[in-house]
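1. pasting the sequence and the predicted coordinates here, then a few questions.
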Amino acid sequence: MSGPAVALTVAGSDSGGGAGLQADLHTFAAFGVHGTTAVTAVTVQNTVGVTGVHEIPPQIVADQIGAVVEDLRPTAVKTGMLASAPIIEAIGAAFRQHGIGRGGTIPLVLDPVCASMHGDPLLEPDALDALRGLFALATVVTPNLDETQLLVGTRDQRDAARALLALGAEHALVKGGHGTGPRSRDLLTDGVTEIWLDAERIETGNTHGSGDTLAAATAARLAGGDSLPDAVRAAKRYVTRAVATSYSVGAGHGPVGHPPADEPVRASAAGDEVVAARAGATP
Ligand SMILES: Nc1ncnc2c1ncn2[C@@H]1O[C@H](COP(=O)(O)OP(=O)(O)O)[C@@H](O)[C@H]1O
Ligand SMILES: Cc1ncc(COP(=O)(O)OP(=O)(O)O)c(N)n1
């Protein structure tokens, strides 16, 4: 089989086009990866904030995942806004059924989105336990410090990573990027090895979609067969360029840019070969 690698994002729609599945699709395209979607919620959103959320029925979310996996055979999956506990439970069941995440053959990048950069909620408050329950499937979980505070009760990057791994994630990528220091330092660890991903902090208010872009770029590289640390390193280089090419649009926080990736995914790394190699089978 030839053609581009395929990745799936399970995420909400941002009508303003800066974050959510729109940012994920821009990112997949920048890496030369064919992007597919399972929509969890439609948000009424612009650069100023979120004024409405319409959730998709849980079974329809699960059916989108099944339809994509059975036909297009993604070789990596990313999650973003998951909205509610019933939706998360339906997604967990679909992931187990289709071999997505730990114990399966398709790696899972889990971005535990809880709120927008303006503080508007993107996850129902009673869904935190369900979200924590999904971590046991994650190849990597990618919270920012507001999310670690909510999910594991600390803003310390090392302590948070330890707690996330204890919940079952294979790797934790704890982002430190929202602070005010001169560097943007994220911690990637599997509990044995620590990798600090360090980049200059770019002075801009236009960082809408940065978290989605980092997670989607990781999924794009995984879809092409990268190891998890290599995928995260490439994604960090990409998101730094994305922030550097951010722009103003609308009255509020503008989006990051999505320039063509310096390290695109090779077309020949698609589908069957990647799955077979991960499963230890002869393609
Ligand atoms: N101003 C910035 N300059 C450089 N990198 C940034 C900047 N803001 C965020 N990042 C990086 O973007 C990625 C996403 O981080 P963050 O914005 O904290 O995620 P989220 O959108 O989930 O809150 C991280 O790697 C972070 O270090
Ligand atoms: C629909 C939707 N999904 C996710 C987000 C959050 O995007 P993210 O890149 O994690 O963070 P901010 O850009 O909000 O800092 C969203 N706003 N909408």
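-> Perfect, thanks for sending it. Numbers count the residues shown, from 1 in each chain. Ligands and ions are numbered 1, 2, ... in the order given.

2. contacts and neighbour counts: CA atoms only from here.
-> Fine.

3. can you pull the contacts of Ser116?
-> 49-50, 122 (C-alpha atoms under 8 Å, 6 or more residues apart in numbering).

4. cutoff 10 Å now
-> Shown in contact with Ser116 (C-alpha atoms under 10 Å, 6 or more residues apart in numbering): 19-20, 45, 49-50, 81, 122-123, 208-209.

5. same question for Thr43.
-> Shown in contact with Thr43 (C-alpha under 10 Å, 6+ apart): 12-16, 20, 50-55, 81, 122.

6. got those residues as a markdown table, with pLDDT, neighbour count and secondary structure columns?
-> Converted to a markdown table, those look like this (pLDDT from 0 to 100; neighbours: other C-alpha atoms under 10 Å; DSSP: H, G, I helix; E, B strand; the rest coil):
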| residue | pLDDT | neighbour count | secondary structure |
| --- | --- | --- | --- |
| Gly12 | 98 | 28 | strand |
| Ser13 | 98 | 25 | strand |
| Asp14 | 98 | 22 | strand |
| Ser15 | 98 | 17 | coil |
| Gly16 | 98 | 20 | coil |
| Gly20 | 98 | 31 | helix |
| Val50 | 97 | 21 | strand |
| Thr51 | 97 | 10 | strand |
| Gly52 | 97 | 12 | strand |
| Val53 | 98 | 18 | strand |
| His54 | 98 | 13 | strand |
| Glu55 | 98 | 17 | strand |
| Met81 | 98 | 27 | coil |
| Leu122 | 97 | 21 | coil |
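
7. the residues you listed also near ligand 2: which ones?
-> Among the contacts of Thr43, proximity to ligand 2 is found for 12-14, 20, 81 (C-alpha under 6 Å from any ligand atom).

8. returning to what we had before: could you dump the contacts of Thr43 to CSV with distance to Ala160?
-> CSV is the format used below for those (distance: C-alpha to C-alpha, whole Å):
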residue, distance to Ala160
Gly12, 25
Ser13, 28
Asp14, 28
Ser15, 32
Gly16, 31
Gly20, 24
Val50, 28
Thr51, 31
Gly52, 31
Val53, 29
His54, 31
Glu55, 29
Met81, 20
Leu122, 21
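
9. what's the farthest-apart pair in these?
-> Gly16 and Glu55 (17.3 Å; C-alpha to C-alpha).

10. could you identify the most distant pair in the contacts of Ser116?
-> By the measure C-alpha to C-alpha, Leu123 and His208 form the most distant pair in the contacts of Ser116, at 17.6 Å.

11. please name the bridge partners of Val50.
-> Val50 has these beta-bridge partners by DSSP bridges: Gln45.

12. quick one: contacts for it?
-> Neighbouring residues of Val50 by C-alpha under 10 Å, 6+ apart: 14-16, 43-44, 115-122.

13. repeat the analysis, applying 8 Å as the threshold.
-> 43-44, 116, 120.

14. now do Arg158
-> Leu187.

15. what separation is there between it and ligand 2?
-> Distance, Arg158 to ligand 2, by C-alpha to the nearest ligand atom, to the nearest Å: 21 Å.
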